[in-house]
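S.K.: Below are the sequence and a predicted model for it; my questions follow.
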Amino acid sequence: MNMCFGRNWDPNTGYKERYRSDGSEPPPIPYELVSLVKAAVQDAQAILKDLPSMHPDICSVNYYPANGFLHLHQDRDESSDSLRRGLPVVSISIGECATFLYGDTRINKKLKRIFLYSGDVLIFGGKSRLIYHRVKQISQYTSPVQLVTEFGLRNDRLSLTFRQF
């Protein structure tokens, strides 16, 4: 399940349609999230000098149930200018841990693996902007207790992914 802030995204048309299926515009990205993303990119630039800056104008919110996953793909629906410049993709994980695979190939056994825990921020841009990546699985019972008790995010995961079109 997916929803967007800033600009509509559709799995069939990408970002080509500005409006949602009900004809309304998607809501703007909250200022606090834009600020968080910009700060994360600036922090990463202290280590990765070639990482370009970006102003996020798209936030895709993906919901993963306990048995959720995401097929291997590249994020390449943004403008050709954004892709050419290697503007980063910034993803914030909330809830259950995800097993995340990535690499410069479509061959699964050659992909690297990391675990994305609640609160983790993943950034890929510059030379790594077009990496192949996927969510292999969601690990149950790894959410912070407060998310479960106060917000009811039980056995589920949210991913907030920011881009500049």
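M.R.: Arrived safely.
S.K.: Could you report the separation of the nearest residue to Leu48 once chain neighbours are set aside from Ser139?
M.R.: The shortest distance from Leu48 to any non-neighbouring residue, by CB to CB, 6 or more residues apart in numbering, is to Gly126 (6.8 Å). Bear in mind the C-beta positions are built from the backbone N, C-alpha and C, glycine included. Noted for Gly126: a distance of 29 Å to Ser139, by CB to CB, to the nearest Å.
S.K.: Repeat that for Phe5.
M.R.: The gap separating Phe5 from Ser139 is 27 Å, by CB to CB.
S.K.: remind me, longest helix of this structure?
M.R.: helix 31-45 (DSSP state H).
S.K.: related to what we said a few turns ago, so Phe5 and Ser139 - more neighbours on which side?
M.R.: Per other CB atoms under 10 Å, whichever of Phe5 and Ser139 has more neighbours is Phe5, with 20 against 16.
S.K.: hang on, that one packs against Pro26?
M.R.: Yes - in this structure, Phe5 is within contact of Pro26 by CB atoms under 8 Å, at 5.8 Å.
S.K.: Run through the helices of this protein in chain order.
M.R.: Counting by DSSP H, one finds helices in the chain at the ranges 31-45, 80-85, 145-151.
S.K.: what's the offset of the last one from the middle of its chain?
M.R.: If I follow you right, that is helix 145-151. Per CA atoms, centre = their mean, to the nearest Å, the displacement of helix 145-151 from the mean C-alpha position of its chain is 22 Å.
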